[in-house]
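# I'd like to go over a predicted model; first the sequence, then the structure.
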Protein chains: 2
Amino acid sequence: MARPREFDETAAVESAMQAFWDRGYEATSTQDLCRATGLGRSSVYNAFTSKRALFRRALAHYTTRELGKRKAILDGPGTAAERLTAVLDTVIEAGLGNRGCLVVNTLAELGLPNDEVGAALRSDTAQNLAMFAECAREGVLDGSLRDGLDPADVAEFLLSTISGLRVMGRRGSSREALHTVADLALSAILAH
Amino acid sequence: MARPREFDETAAVESAMQAFWDRGYEATSTQDLCRATGLGRSSVYNAFTSKRALFRRALAHYTTRELGKRKAILDGPGTAAERLTAVLDTVIEAGLGNRGCLVVNTLAELGLPNDEVGAALRSDTAQNLAMFAECAREGVLDGSLRDGLDPADVAEFLLSTISGLRVMGRRGSSREALHTVADLALSAILAH
DNA sequence: CGAGTTTTGAACTGACCGATACACAACCAA
DNA sequence: TTGGTTGTGTATCGGTCAGTTCAAAACTCG
């Protein structure tokens, strides 16, 4: 009943996400977003309301994709220990492109703001913890993780380890150094 | 031979550091810095040249103080394991005031820029690694750390763990959760 | 007392910020 | 074709950005 959109909204969100990921929230101007998406100001504001709302969309896009990939590994084959090792491997490889993690970068830059962005960050944390706790529970049962471990503790430890790996990536650590960290972390929770 | 300064330069750097710590680099305006320091624009620019130069001073102020406190603990009494535990305890307590760590926040927001700020961040990483490696070496000798550990590996692991704790603090983790993470991390390197 | 040097405050610079106004183009349903 | 609705491009909004200018103020030293 009206003029249709000339652009793919999802593709625009993806482009905006890349821009925010590269430069951070504050340092990315609306002009940068127009250039990245290839859209005019009007289109951006018509479709996404504000810079912050677009950032929220971009962040949701990122967390959804990232959580999905992580869940695919954790729901896949192998012992819990093997699956957790695989997750840490992907974190290491991703961390070598030295843009870090959009979630960690945002947490560090903005903290937990009292709006939907903060809520999305909290939700991402909770979902990660739940996934890791479930896998840890399985690991204690299948014997690949140390006996007597509290799944919730393991989840907290894994999320912290991943966050640390991401920061180490931003510090410029090498693949070998990151593997060293991951191996030591795993040695704390793996059976034997 | 000329008009003397009406303010304490170190105190001004300290105030600027607090402002940058609270809001991040980009979100802190020169006006914020004037308010925080109590100085006029001219005085700020006369004394510190530019926002970035003042940030570099503030960052140096922070890293010097933080490294000093850490070194005091690591050079103190007790086994290496006890000293490392004490360091992690201070990180946990500091992480509960949810502003995180200025170094980690800056790394996440700016990455490793190709200027003095980036150089200062690299230097801070190197100094931390050196301190931790030395303590780890002592720990292997005094028997408080697991036998056969490479001190450099332990240093990388500890710095990553601390970075992770800092991010977990920004996520809103409780003191208990942070202690859980630190205890699991220590279990990977402590003897027995 | 000045002469010389530096700090300070206030006004100001051009550029850019996020966001909007508005005319018109593009489309759909009738 | 036409009326209603939405997308798009251009120009622009007031405000703030980092940084500068400049004259008056405040000091030291001769």
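Looks like it came in fine. All figures in this text were calculated on a predicted structure; none of them were measured in a lab.

# how about the residues of chain A by DNA strand D?
For chain A, the residues in contact with DNA strand D under the definition CB under 7 Å from any atom of the strand are A:1-7, A:39-43, A:46-47. For glycine as for every other residue, the C-beta is placed from the backbone atoms N, C-alpha and C.

# distance to residue B:183 added to the residues you listed, as JSON lines?
As requested, the residues of chain A next to DNA strand D are exported to JSON lines (distance: CB to CB, whole Å):
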{"residue": "A:1", "distance to residue B:183": "62"}
{"residue": "A:2", "distance to residue B:183": "60"}
{"residue": "A:3", "distance to residue B:183": "60"}
{"residue": "A:4", "distance to residue B:183": "58"}
{"residue": "A:5", "distance to residue B:183": "53"}
{"residue": "A:6", "distance to residue B:183": "56"}
{"residue": "A:7", "distance to residue B:183": "51"}
{"residue": "A:39", "distance to residue B:183": "50"}
{"residue": "A:40", "distance to residue B:183": "54"}
{"residue": "A:41", "distance to residue B:183": "52"}
{"residue": "A:42", "distance to residue B:183": "55"}
{"residue": "A:43", "distance to residue B:183": "52"}
{"residue": "A:46", "distance to residue B:183": "52"}
{"residue": "A:47", "distance to residue B:183": "48"}
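
# by neighbours, which of those wins?
Each of the residues of chain A next to DNA strand D was scored for neighbours by other CB atoms under 10 Å in any protein chain shown, and residue A:39 scores highest at 20 neighbours.

# that one sits in which helix or strand?
Element membership for residue A:39, per DSSP states H and E: none, as it lies in no helix or strand.

# just confirm it contacts residue A:12, I think it does.
Yes - with contact defined as CB atoms under 8 Å, residue A:39 reaches residue A:12; the gap is 6.2 Å.

# as JSON lines, the residues of chain A next to DNA strand D with distance to DNA strand C, pLDDT and secondary structure would be great.
Formatted as JSON lines, the entries for the residues of chain A next to DNA strand D read as follows, by distance: CB to the nearest atom of the strand, whole Å; pLDDT from 0 to 100; DSSP: H, G, I helix; E, B strand; the rest coil:
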{"residue": "A:1", "distance to DNA strand C": "4", "pLDDT": "70", "secondary structure": "coil"}
{"residue": "A:2", "distance to DNA strand C": "5", "pLDDT": "79", "secondary structure": "coil"}
{"residue": "A:3", "distance to DNA strand C": "3", "pLDDT": "81", "secondary structure": "coil"}
{"residue": "A:4", "distance to DNA strand C": "5", "pLDDT": "83", "secondary structure": "coil"}
{"residue": "A:5", "distance to DNA strand C": "10", "pLDDT": "86", "secondary structure": "coil"}
{"residue": "A:6", "distance to DNA strand C": "7", "pLDDT": "85", "secondary structure": "coil"}
{"residue": "A:7", "distance to DNA strand C": "12", "pLDDT": "94", "secondary structure": "coil"}
{"residue": "A:39", "distance to DNA strand C": "11", "pLDDT": "96", "secondary structure": "coil"}
{"residue": "A:40", "distance to DNA strand C": "8", "pLDDT": "96", "secondary structure": "coil"}
{"residue": "A:41", "distance to DNA strand C": "4", "pLDDT": "96", "secondary structure": "helix"}
{"residue": "A:42", "distance to DNA strand C": "4", "pLDDT": "96", "secondary structure": "helix"}
{"residue": "A:43", "distance to DNA strand C": "10", "pLDDT": "96", "secondary structure": "helix"}
{"residue": "A:46", "distance to DNA strand C": "8", "pLDDT": "96", "secondary structure": "helix"}
{"residue": "A:47", "distance to DNA strand C": "11", "pLDDT": "96", "secondary structure": "helix"}
